[in-house]
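Q: Need the 3D shape of this:
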Amino acid sequence: MPLEALKEGHRRALQAVERVKAAGELARQGETAQAIAIVRGLLPFLERDQRVHFRQEEEGLFLYLRHIIGDGPVQAMVGEHESYWTAIATLKRLLDGSGSASELQRQLQHIFYLLDGHIQKEESAYFPVAEKKLSAAQLQEVDDEMEAIARLG
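A: This next block holds a predicted model:
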């Protein structure tokens, strides 16, 4: 199935996003230590796995989509990736104890909405366009590129 690596990455990300949301709710309730424990457990996914996933998008699918939908929409998605990394850097700072529970809650909520919205856009707009407009050979090239990126980590 075309783009399966990206779709699987989204399924895993949506599971993580739900845990981010739960951690945000714990922070809102003043259960900061529990929220931090959840987030620390999620950090490998939020950093390493998402870095690979975003590279798969940027160095694979988005290169093809630029020719179909133009640079603007693709740049918007890349901008969301950049915003995500800024949010993760802020989150890591907050995990080191340099912020309040309310700041932690706000940052977790921001990451939740950012990633959830990003995934929804890709699933509802970008992937269907790619599947409709790219040839079977192009989709295979995208999948091969994503596989190569995943192997490199």
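Q: so where does the closest residue to residue 99 other than its chain neighbours fall, helix or strand?
A: Computed as Cβ to Cβ, 6 or more residues apart in numbering, the closest residue to residue 99 that is not its neighbour in sequence is residue 93, at 6.9 Å. For every residue, glycine as well, the C-beta is placed using N, CA and C. Following DSSP states H and E, one finds residue 93 within helix 71-95.
Q: and the next helix-or-strand element following that helix, which residues are buried?
A: Using DSSP H and E, the helix or strand that directly follows helix 71-95 along the chain is helix 101-121. If you call a residue buried by 16 or more other Cβ atoms under 10 Å, then helix 101-121 has these buried ones: 101, 104-112, 114-116, 118-119.
Q: got it, and stretch 7-18?
A: Of the residues in stretch 7-18, those buried (16+ other Cβ under 10 Å) are 9-10, 13, 16-17.
Q: Which of those sits closest to residue 44?
A: Among the buried residues of stretch 7-18, residue 16 lies closest to residue 44 (Cβ to Cβ), at 10.2 Å.
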